[in-house]
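Participant: The following block contains a protein sequence and its predicted model.
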Amino acid sequence: MAQPTITLIGGGLVGALLAQQLAGRGFAVDVFEKRPDPRRAGFHGGRSINLALAERGLQALRTAGLADDVLQRAVMMRGRMVHAPGGNSGLQRYGVDDSEVIWSVSRGALNMLLLDAAEAAGVRFHFGQSLVGADFGRRRIRLADAAGAQRELEADLLIGADGAGSAVRAAMNAHAPLGERIESLGHGYKELEIPPAGELPAAVLQPGSGRDQFALEPNALHIWPRGGYMCIALPNTEGSFTVTLFLPAQGAAPSFASLPDAAAARAFFAADFPDLLPLIPRFDEDFDSHPVGTLSTLYLERWHLDGRALLIGDAAHAIVPFHGQGMNCGFEDTVVLADLLAEAPDDSAGVFAEFQRVRQPNADAIATMALENYVEMRDSVADPRYLAKRELGALLAQRIPGHYMARYRLVTFSHVPYAYALERGRAQDQLLEQLLRDTPEVAAVDIEAAARLFQSKLAPLPRLRHG
Ligand code: FAD
Ligand code: E1W
């Protein structure tokens, strides 16, 4: 029988990729996107914001046949470069070798690539069309154009990929409560730019610190941890870096509230990020003109309204960004949903329930791990106990790769369910702590005995990548 037409709200990263996947499986798909077509309008006036793409997102892009195209426009990040207050502690590799790296991609360029791919697969896009309401009894949605003019449309099967502030979610919640809980982190973020080295005075460039046109080592994610707050920087293909300052929103200095203007922020940076400030020549303009973003975790009891409406991506499970997995998780969602729908196109109620059953425990797990990673990023990347655990873990990863893999690597470089990574990480951590309880010295640990402990207490790791 004919497959149902799918109405998708939101043509962002997850919406565009989902649309492409559904069209590729034979569905008719209409996407309504609030913003104008970025391929025509120019993406946000050219401000470059980037994201870390890891194995899970890459695997979804492979399924969609888009991985090579995306990687061509990405910058490899082999590890984190930690800029401690006292000085640079060098590159900490993320994985065991260059098969375990992550990729910095431009959000705008990636979105445009996904829109092109979805359109080529037959998806119909309607830009400048904002969902403002839904009548689920009559299976109709209300849309507004940029001028505010409204119209109604039939929508048998509605999917909300409209992000953390989802209007689809609000409409569903008004029809029947979704059990929504939003936990604000209490920290905000602001983006700043390090231009290509050619645009900086030679005096601020450290010899050998970067290569070619980059002011810092290009193949790394840079972190300036400072306890209660931090900066990070990801490279862009053109030689610039996008810096993100994460800082408490309110409260005693430093917080965004305690930095009312660029002058105050500049003084704070000069004191706390003295090596970073000279690399941001337009600091004042950036600080004044870029908004403070908010960070929250979203938990829902229900992701769907029987077979009529479903939430996906950030609309269903927005998380804090500190593991760099929000998009990756949303991309994983799209493959699961497209496969389930293709298997049972007439049973959207069954498919939506199954989608939530499979994905929600994993969304919950990455939400937890992302929150934990903020603390780890801010304070413990330089903490001796944390470093000892890392070092012992690295030895065990070599000695018993079938029984030990750091949680970060399970999350970032494997396809095992996030919930498994969380559980395995806890079990491994307990054993590492047990081994380091009496001595903080890794050299004092008997590696053979440690290996036997892991092998006796933990099941072998499952197959780490599928398909
Ligand atoms: P969005 O990207 O928010 O897209 C939603 C789309 O819906 C938008 O195009 C929007 O215009 C549209 N829309 C909204 N409302 C309506 C409406 N009413 N009608 C029609 N359209 C509408 N993830 C990673 O994997 N790696 C990272 O390194 C990373 N870094 C991050 C850094 C920061 C500071 C933040 C805040 C997030 C980061 N993330 C990262 C998370 C990532 O940005 C999100 O998980 C991802 O963008 C979710 O995609 P989405 O399509 O669900 O939502
Ligand atoms: C990654 C925004 C963002 C994106 C990221 C990461 C971090 C910190 C942040 C986690 C990480 C890639 N991380 N990096 N180093 N240790 N943990 O791996 O995406 Cl803040």
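Facilitator: Now that the structure is in, tell me what you want to look at. Ligands and ions are numbered 1, 2, ... in the order given.
Participant: wait, doesn't L205 sit right on A197?
Facilitator: Yes. Counting by Cβ atoms under 8 Å, L205 does reach A197; the two are 5.8 Å apart. C-beta coordinates here come from the backbone N, C-alpha and C atoms, glycine included.
Participant: residues contacting L178?
Facilitator: Going by Cβ atoms under 8 Å, 6 or more residues apart in numbering, L178 touches R169, M172, L300, E301, R302, W303.
Participant: more crowded one of L205 and A197?
Facilitator: Per other Cβ atoms under 10 Å, whichever of L205 and A197 has more neighbours is A197, with 20 against 17.
Participant: tell me the pLDDT at the residue in the stretch 301-450 of the chain positioned nearest to ligand 2?
Facilitator: Taking Cβ to the nearest ligand atom, ligand 2 has its nearest neighbour within the stretch 301-450 of the chain at G324, 1.8 Å off. pLDDT for G324: 98.
Participant: before we move on, what about the one 10 residues further on?
Facilitator: In this model, T334 is scored at 98, pLDDT.
Participant: in which helix or strand would I find it?
Facilitator: Taking DSSP states H and E as the definition, T334 sits inside helix 326-343.
Participant: Tell me the buried residues in that helix?
Facilitator: Residues of helix 326-343 classed as buried: 326-338, 340-342 (neighbour count, 16 or more other Cβ atoms under 10 Å).
Participant: out of these, which touch ligand 1?
Facilitator: Among the buried residues of helix 326-343, the residues that sit close to ligand 1 (Cβ under 6 Å from any ligand atom) are G326, M327, N328, G330.
Participant: for those, which one is nearest L17?
Facilitator: G330 (8.0 Å; Cβ to Cβ).
Participant: could you measure that closest one against I280, distance?
Facilitator: For G330, the distance to I280 equals 30 Å [Cβ to Cβ, to the nearest Å].
Participant: Need the max-distance pair from the buried residues of helix 326-343.
Facilitator: G326 and A342 (25.1 Å).
Participant: that older thread, list residues touching both of L205 and A197?
Facilitator: A215.
Participant: I'd say the residue of the stretch 301-450 of the chain closest to ligand 2 and A52 touch.
Facilitator: Yes. With contact defined as Cβ under 8 Å, G324 counts as touching A52 (3.7 Å).
Participant: list residues touching both of the two?
Facilitator: Common neighbours of G324 and A52 (criterion: Cβ under 8 Å, 6+ apart): I102.
Participant: got the contact list for V204?
Facilitator: Contacts of V204 by Cβ under 8 Å, 6+ apart are A215, P278, L279.
Participant: any chance of those residues in a markdown table, with pLDDT too?
Facilitator: Shown next, in a markdown table, are the contacts of V204 (pLDDT from 0 to 100):
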| residue | pLDDT |
| --- | --- |
| A215 | 97 |
| P278 | 97 |
| L279 | 98 |
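Participant: Please identify which of those residues is nearest to ligand 2.
Facilitator: Out of those, the member with the shortest distance to ligand 2 (by Cβ to the nearest ligand atom) is L279, at 18.1 Å.
Participant: so who does the residue lying closest to the closest one once chain neighbours are set aside touch?
Facilitator: Spatial nearest neighbour of L279, excluding adjacent residues (Cβ to Cβ, 6 or more residues apart in numbering): I194 at 4.5 Å. With contact taken as Cβ under 8 Å, 6+ apart, I194 is in contact with A215, L216, A233, S240, F241, T242, V243, L279, I280.
Participant: Return the member of the residues you listed nearest to Q20.
Facilitator: For the contacts of I194, the nearest to Q20 is T242 (26.0 Å; Cβ to Cβ).
Participant: mind listing what's buried in the helix or strand where Q92 lies?
Facilitator: Under the criterion of DSSP H and E, Q92 resides in strand 87-93. Of the residues in strand 87-93, L91, Q92 count as buried by neighbour count, 16+ other Cβ under 10 Å.
Participant: and what of stretch 392-402?
Facilitator: Neighbour-count burial for stretch 392-402, counted by 16+ other Cβ under 10 Å, picks out L392, G393, L395, L396, A397, I400.
Participant: TSV for the contacts of L178, including secondary structure and neighbour count?
Facilitator: Formatted as TSV, the contacts of L178 follow (DSSP: H, G, I helix; E, B strand; the rest coil; neighbours: other Cβ atoms under 10 Å):
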residue	secondary structure	neighbour count
R169	helix	24
M172	helix	27
L300	coil	22
E301	coil	11
R302	coil	20
W303	coil	25
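Participant: Near ligand 1, list only the ones from these.
Facilitator: Okay, of the contacts of L178, nothing touches ligand 1 (Cβ under 6 Å from any ligand atom).
Participant: Kindly indicate which of the residues you listed lies nearest ligand 1.
Facilitator: Checking those one by one against ligand 1 (Cβ to the nearest ligand atom), the nearest turns out to be R169, at 9.9 Å.
Participant: doesn't G160 make contact with the closest one?
Facilitator: Yes. With contact defined as Cβ under 8 Å, R169 counts as touching G160 (6.0 Å).
Participant: Now for those two: what residues contact both?
Facilitator: Between them, R169 and G160 share the contacting residues L311, A315, A316, judged by Cβ under 8 Å, 6+ apart.
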